[in-house]
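# Dropping a prediction and its sequence here:
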Amino acid sequence: MWYFLVRQTDISYEQYQALQRKVALTEVELFNEPYHNWYIFSTEKADYIPFMNELDKDGIAYDLYSDRPSRDDLLAKMR
C-alpha cells in the first residue's frame, strides 16, 4: 500500500469526494488547533502512479509514504 497525505484545508470537498472514489481507503486524522487535519488516501501498489498523476495534474500538494504514518508521526511533522 501507498499512503498519500493531503492537508484538509488544501482541497475542496468536491475534490475530496472525487479523490475518495479513486483509492482503496480514505482516512481522516483530526487534530485540535493549531494543527491541521489530514486526509490519508491509501492506494494499492499498482494504482499509486495514476493517483499521483491525478494529484499533480490538479496541483494538489501531498506527502507520499510506503508505510502508514502514525498519529504521532503526523503530529511531529507539524511541530
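That came in fine, so what should we check first? The shown structure was predicted, so the numbers you read here are calculated from the model rather than taken from an experiment. Numbering: from 1, shown residues only.

# Now tell me which helix or strand of this protein has the poorest mean pLDDT.
helix 71-78 (a mean of 88; mean pLDDT, DSSP states H and E).

# So which elements touch that one?
Using 3 or more CB pairs under 8 Å, 6 or more residues apart in numbering; DSSP states H and E as the contact test, no helix or strand touches helix 71-78. C-beta coordinates here come from the backbone N, C-alpha and C atoms, glycine included.

# what are the C-alpha coordinates of it, in PDB please?
Below are the C-alpha coordinates for helix 71-78, written out as PDB (Å, rounded to 0.1, in the frame of the first residue of the first chain):
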ATOM      1  CA  ARG A  71      -0.700   9.900  14.500                       C
ATOM      2  CA  ASP A  72       2.500  10.700  16.500                       C
ATOM      3  CA  ASP A  73       4.400  10.900  13.200                       C
ATOM      4  CA  LEU A  74       1.900  13.400  11.800                       C
ATOM      5  CA  LEU A  75       2.000  15.500  14.900                       C
ATOM      6  CA  ALA A  76       5.800  15.600  14.900                       C
ATOM      7  CA  LYS A  77       5.700  16.600  11.200                       C
ATOM      8  CA  MET A  78       3.600  19.700  12.100                       C
END
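
# neighbouring contacts of it?
Outside helix 71-78, the residues that touch it by CB atoms under 8 Å, 6 or more residues apart in numbering are L5, E29, F31, Y35, H36, W38, D63, P69.
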